[in-house]
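**Student:** this one's sequence-less:
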RNA sequence: GGCCUGUUGGUGAAGUGGUUAACACACUGCCCUUUCACGGCAGCAUUCACGGGUUCAAAUCCCGUACAGGUCACCA
């Protein structure tokens, strides 16, 4: 029996050949140096921050070079696939503003000429490639059961031998074609394995764009190519898809580094020119116990891309953070080019960190605060409203009802040289300015500070309102009057005087402004009091003062 | 266990034979100040995981050790 006959027995329905597909998916007509890369997730329903980092780089580099970036769904494992898992991924990418030229655009649709972009729909293509391998005696059917494999592994462990299906352990490798045919006709379960030409004692060099040249032993594992269900294993799918989709650069996580010798061997076996590889360090998380581990989808809420969307972190800020992780010189570039958009920054493979970086929420918060602080009040309003419309309709209603008022609130100490930096994400803004809305204001939990005596508080507020407060005052006059109030009540209106002779006074101006501040907002820490009072207006101020006097806890 | 990768302050890191070991975040103190935030200033690694070696000179080169991570599936 010939190899060809065996191949035909295994895949009787496959009658196209590799060149058919090569013609169908011709080399891309792109300009010199253009990079084609991709994001190839399993349809698990959501994107992990680590994948987002890789994806972000993978989509940025084609952009920088007028290349192509596409999305391919790797769903050859049913266990990993989730219903509507594709949509979740598309939504996550969309929420982070990651665009692509080709690939899936919904559960059922895709765009681009190099598809299908879902692996389960490419079964025939993989089988065509494997059929070729069988014909060339570079692949063979393996009938080993899971149990046989288990026992083999145990044996190997016992003998301290290398684990895996290779050399003398590769039992089915030496089965005769006739024997194989007999068992196939008999209906035995089987898979297809690579007949690895490698020698473990020989070396192969992997040229990695971020790690440089790494020496590995040649692969001699007869890895599985096609599973019992007829679908390929990652290794085969990767070569077939990235060859046919004409990918030039494979960006993936470090966990793939070890299997790159297998991939290189496969490229060679097919006699295809391999793409360039870049393996990125894993994104890590440090536990309270001090143990470092991979940021985990299951354990860490912040691992999911959707977390940032729900919290309302600005996309642009997250992108900035990803860039700081991606390229160490990014922050320096930002400082040198404060007016440039981050889109103009070019990623440099050589500057990509080799070691896995620790995921730092604090840093994201900082970047985010800086970013939001530079926005105009209207921009903040719009983003906040967009967020609220999706995640908090109560807030959205208020923002719409009091649009101009809300913008004015957001404009407090903004749009100047030294803007406040107190908002890290949109979900926390309303919680910080709730007291500006009567609908949200609660006359409870007053944060009185130095002065807690009810009579004194009442006294201060009464006199202030009756004698000094005038809503038409400008800031200077307003402040002057507070000082007058201090003088009248025996509080130091000047901090320097107070520090020199604290005993001469009942307290100082801080105590007075704090009483007014807390009465109006319940909070001891707020932005500029004058601006708050300007917005709150007279009726509200009088109302809140009487509330504070009546209902508060002392 | 085999193979591979990594290890610079709390964190992200710059640095590839001669630097006061950048910078950013966090933290601490001070100043400014009607609170907070902002801003300004200062402090924070006697030392680059450890042990050897090469060299006039090493975080930077070599060897070994330790630690961490990855991988060795009919998962990706």
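**Tutor:** Nice, thanks for sending it over. Note that the coordinates shown come from a computational prediction; the quantities given were computed from them, not determined experimentally.
**Student:** Check chain A for its longest helix and report it.
**Tutor:** Longest among the helix segments of chain A by residue count, using DSSP state H, is helix A:49-65.
**Student:** who does that helix touch, helix- and strand-wise?
**Tutor:** Using 3 or more CB pairs under 8 Å, 6 or more residues apart in numbering; DSSP states H and E as the contact criterion, the secondary-structure elements in contact with helix A:49-65 are strand A:36-39, strand A:68-71, strand A:249-253, strand A:276-280, helix A:315-326. Every residue, glycine included, has its C-beta placed from N, CA and C.
**Student:** In JSON lines: these, plus mean pLDDT and mean neighbour count.
**Tutor:** Written out in JSON lines, the entries for those read as follows (pLDDT from 0 to 100; neighbours: other CB atoms under 10 Å):
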{"stretch": "strand A:36-39", "mean pLDDT": "95", "mean neighbour count": "25"}
{"stretch": "strand A:68-71", "mean pLDDT": "96", "mean neighbour count": "24"}
{"stretch": "strand A:249-253", "mean pLDDT": "92", "mean neighbour count": "22"}
{"stretch": "strand A:276-280", "mean pLDDT": "90", "mean neighbour count": "21"}
{"stretch": "helix A:315-326", "mean pLDDT": "86", "mean neighbour count": "21"}
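**Student:** What residues does the closest residue to residue A:308 other than its chain neighbours make contact with?
**Tutor:** The spatial neighbour of residue A:308 that comes closest, neighbours along the chain excluded (CB to CB, 6 or more residues apart in numbering), is residue A:318 at 5.6 Å. By CB atoms under 8 Å, 6 or more residues apart in numbering, residue A:318 lies in contact with A:96, A:308, A:364, A:368.
**Student:** Break chain A into its domains for me.
**Tutor:** Using automatic domain parsing, the domain ranges for chain A come out as A:3-13+A:123-280, A:292-373, A:377-426, A:454-551.
**Student:** averaging pLDDT over each of those, which comes out lowest?
**Tutor:** Of all the domains of chain A, domain A:292-373 carries the lowest average pLDDT, namely a mean of 81.
**Student:** For my notes, please list the contacts of residue A:318 in a markdown table and give secondary structure and distance to residue A:166 for each entry.
**Tutor:** Below are the contacts of residue A:318 laid out as a markdown table (DSSP: H, G, I helix; E, B strand; the rest coil; distance: CB to CB, whole Å):
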| residue | secondary structure | distance to residue A:166 |
| --- | --- | --- |
| A:96 | coil | 42 |
| A:308 | helix | 44 |
| A:364 | helix | 45 |
| A:368 | helix | 51 |
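**Student:** Closest one of the residues you listed to RNA strand B?
**Tutor:** Comparing the contacts of residue A:318 against RNA strand B with CB to the nearest atom of the strand places residue A:364 closest, at 8.5 Å.
**Student:** you'd agree that closest one is up against residue A:319?
**Tutor:** No. The criterion here is CB atoms under 8 Å, and residue A:364 misses it with residue A:319 at 10.8 Å.
**Student:** Pull up the overlap in contacts between these two.
**Tutor:** Contact criterion CB under 8 Å, 6+ apart; no residue bridges residue A:364 and residue A:319 by contacting each.
**Student:** residue boundaries of the helices in the stretch 451-554 of chain A?
**Tutor:** Secondary structure of the stretch 451-554 of chain A, counting by DSSP state H, counting those that start in this stretch: helices at A:454-463, A:475-489, A:495-500, A:509-521, A:529-536, A:538-551.
**Student:** So for residue A:164, which of these sits nearest?
**Tutor:** For the helices of the stretch 451-554 of chain A, the distance to residue A:164 is smallest for helix A:509-521, at 67.4 Å, taking CB to CB.
**Student:** what about that closest one, near RNA strand B?
**Tutor:** Yes. Counting by CB under 7 Å from any atom of the strand, contacts between helix A:509-521 and RNA strand B involve A:509-510, A:513-514, A:517.
**Student:** for the longest helix of chain A, which positions count as buried?
**Tutor:** Within helix A:49-65, the residues scored as buried using 16 or more other CB atoms under 10 Å are A:49-63, A:65.
**Student:** Residues of the stretch 351-500 of chain A that sit close to RNA strand B?
**Tutor:** Residues of the stretch 351-500 of chain A that fall close to RNA strand B, judged by CB under 7 Å from any atom of the strand: A:351, A:353-358, A:360, A:362-363, A:365-366, A:413, A:418-422, A:475, A:479, A:495.
**Student:** Which ones among those residues map onto helices?
**Tutor:** Counting by DSSP H, those place A:362-363, A:365-366, A:475, A:479, A:495 in helices.
**Student:** and the two most separated of these?
**Tutor:** Of all pairs drawn from these, the one with the largest separation by CB to CB is A:363 and A:479; the distance is 37.8 Å.
**Student:** secondary structure class for the residue of the stretch 101-250 of chain A found nearest RNA strand B?
**Tutor:** Using CB to the nearest atom of the strand, the point where the stretch 101-250 of chain A gets nearest to RNA strand B is residue A:228, with a distance of 3.0 Å. Three-state call for residue A:228 (DSSP: H, G, I helix; E, B strand; the rest coil): coil.
**Student:** isn't it right up against residue A:192?
**Tutor:** No. Look at residue A:228 against residue A:192 with CB under 8 Å: they stay out of range, at 9.7 Å.
**Student:** Tell me which of the two has more neighbours.
**Tutor:** Summary of the neighbour comparison: residue A:228 and residue A:192, criterion other CB atoms under 10 Å, with residue A:192 having more neighbours (27 against 10).
**Student:** List the strands paired with the helix or strand hosting that one, with their directions.
**Tutor:** Using DSSP states H and E, residue A:192 maps to strand A:191-194. Next to strand A:191-194 in the sheet, as set by DSSP bridges, lie strand A:139-142 (antiparallel), strand A:224-226 (antiparallel).
**Student:** quick one: contacts of that strand?
**Tutor:** With CB under 8 Å, 6+ apart, strand A:191-194 has contacts from A:10, A:130, A:133-134, A:138-142, A:165, A:170, A:172-173, A:221-228, A:265-266, A:269.
**Student:** from the chain's centre, how far out does that strand sit?
**Tutor:** Relative to the mean C-alpha coordinate of its chain, strand A:191-194 is positioned 36 Å out (CA atoms, centre = their mean, to the nearest Å).
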